[in-house]
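*Asks:* Any chance you could fold what I've pasted below:
(one chain, ligands or ions: 1)
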Amino acid sequence: QKQYEYIILSRPAPGVGLVTLNRPKALNALCTPLFKELNEALVDLDADDEIGAVVLTGSNRAFAAGADIKEMKDKTYADVYKNRFLENWSEMTALSKPVIAAVSGYALGGGCELALMCDIILASPTAVFGQPEINLGVIPGGGGTQRLARAIGKSRTMELTLTGRNFSAAEAASWGMVSRVVEEGEGKVVEEAVSMAGVIASKGRLAVQAGKEAVNAAYELTLEEGLKTERRIFHGLFATHDQKEGMSAFAEKRKPTWKHS
Ligand code: CO8
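*Replies:* Okay, here's the model as predicted:
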């Protein structure tokens, strides 16, 4: 297995990959080498036949406190434009397998945007979200204005982007940005996320991949195109072993055995 400096990789349950951001001294600030490792690990897990779903988490104190401000502060326009700064951050949105963010503590700036790039977000009651970039003289650059607006609507996103105020796990849940707030306790949110990932990993992988693809299409297409896309993907699943197996198992009152083919 590869050696990483800023992340920890583990397999806490069958079919589940867990990536833990591990830069505690900087509250998991997302420096370039950290993001490079994260992208590499996620691509490897996505290609791993043993893995059905991935959990991404940080520490109890911080999911991630944002992009690394100290790394960014002296960059010029020429630097960031020429080197296409942050463009690779969204590579993880191209993964086929679902990624669940288990958020505890600070998820600020790029940290909040990282959570928003995941497919499902679970939050601990201690989670603190925010897009504080306005306080640094900039705006979100990792999709904050776009993904947050789609997740919670224009007025709230505008307020949060322009005031930079933090928002709580309870607010995030009531606005539908996170699936739910789990019960209090250190490690609980990771436990819940791993358990959810385990459930997803126990399904047929092709159907899970198709479900993710279809839901994501809702964010890119018109309703008509989206419905058509959904139907095409649905139709496509009739070419799989797992569709025959899943429906036969139901008719025969037994548990299906997925072959992921
Ligand atoms: N970058 C670099 N270092 C950081 C960051 C950061 N974002 N956040 C915290 N740290 C460091 C601190 O400098 C400190 O280091 P040191 O001990 O060497 O002084 C250490 O982490 C601990 O932090 P604090 O002492 O500040 O801890 P507190 O508990 O007092 O405060 C806070 C915690 C409130 C989270 C505070 O650290 C803070 O405000 N951090 C900055 C939050 C922020 O503004 N984030 C947004 C950054 S901009 C951004 O993310 C742009 C996104 C770009 C696109 C992303 C694409 C996905």
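*Asks:* Enumerate the residues of this structure near the ligand.
*Replies:* The chain comes close to the ligand at residues 26-27, 29, 65-70, 86, 89, 106, 108-110, 113-114, 132-133, 136, 140-142, as judged by C-beta under 6 Å from any ligand atom. Where C-beta positions appear, they are placed from N, C-alpha and C, glycine not excepted.
*Asks:* Narrow these to those in strands?
*Replies:* 106, 108 (DSSP state E).
*Asks:* Neighbours of the residue in the stretch 101-250 of the chain that the ligand sits nearest to, how many?
*Replies:* Here the residue of the stretch 101-250 of the chain nearest the ligand is residue 142; by C-beta to the nearest ligand atom that distance is 1.9 Å. Using other C-beta atoms under 10 Å, residue 142 has 25 neighbouring residues.
*Asks:* which residue sits closest to it, ignoring its sequence neighbours?
*Replies:* Leaving aside its chain neighbours, residue 142 sits nearest to residue 113 (3.6 Å; criterion: C-beta to C-beta, 6 or more residues apart in numbering).
*Asks:* Distance check, that neighbour against residue 214.
*Replies:* According to C-beta to C-beta, to the nearest Å, residue 113 stands 24 Å off from residue 214.
*Asks:* Settle it for me: which of those two has more neighbours?
*Replies:* residue 113 (28 against 17).
*Asks:* State the distance from that one to residue 124.
*Replies:* With C-beta to C-beta as the criterion, residue 113 and residue 124 are 19 Å apart.
*Asks:* do the same with residue 250
*Replies:* 37 Å.
*Asks:* Next: residue 247.
*Replies:* 39 Å.
*Asks:* Of these two, which one has the most company?
*Replies:* Using other C-beta under 10 Å, the more surrounded residue of residue 247 and residue 124 is residue 124, with 25 against 12.
*Asks:* Thought residue 103 was touching the more buried one, still the case?
*Replies:* Yes. Residue 124 sits in contact with residue 103 when judged by C-beta atoms under 8 Å, with a separation of 6.7 Å.
*Asks:* Spell out which residues are contacts of both of the two.
*Replies:* Common neighbours of residue 124 and residue 103, using C-beta atoms under 8 Å, 6 or more residues apart in numbering, are 169, 189.
*Asks:* re earlier: which of the residues of the chain next to the ligand are buried, as a ChimeraX select command?
*Replies:* Paste this into ChimeraX to select the buried members of the residues of the chain next to the ligand, with burial taken from 16 or more other C-beta atoms under 10 Å:
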select :26,27,29,65,66,67,68,86,89,106,108,109,110,113,114,132,133,140,141,142
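*Asks:* Narrow the residues of the chain next to the ligand to those in helices?
*Replies:* 69, 70, 110, 113, 114 (DSSP state H).
*Asks:* of these, closest to residue 60?
*Replies:* residue 114 (17.0 Å; C-beta to C-beta).
*Asks:* okay, the closest one: pLDDT?
*Replies:* On the pLDDT scale, residue 114 is placed at 98.
*Asks:* just residue 156 next, same as before
*Replies:* 98.
*Asks:* doesn't it fall inside a helix?
*Replies:* Yes. In this structure, residue 156 lies within a helix as judged by DSSP: H, G, I helix; E, B strand; the rest coil.
*Asks:* dump the residue contacts of the residue found closest to it once you drop the neighbours it is linked to in the chain.
*Replies:* Using C-beta to C-beta, 6+ apart and skipping residues adjacent in sequence, the residue nearest residue 156 is residue 175, 6.3 Å away. With contact set as C-beta under 8 Å, 6+ apart, residue 175 has these partners: 151, 152, 153, 156.
*Asks:* Same list, these, but as JSON lines with distance to residue 79 please.
*Replies:* Formatted as JSON lines, the contacts of residue 175 follow (distance: C-beta to C-beta, whole Å):
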{"residue": "151", "distance to residue 79": "31"}
{"residue": "152", "distance to residue 79": "32"}
{"residue": "153", "distance to residue 79": "34"}
{"residue": "156", "distance to residue 79": "33"}
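*Asks:* Rebuild the residues you listed as TSV, extending it with secondary structure and neighbour count.
*Replies:* Formatted as TSV, the contacts of residue 175 follow (DSSP: H, G, I helix; E, B strand; the rest coil; neighbours: other C-beta atoms under 10 Å):
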residue	secondary structure	neighbour count
151	helix	17
152	helix	20
153	coil	13
156	helix	16
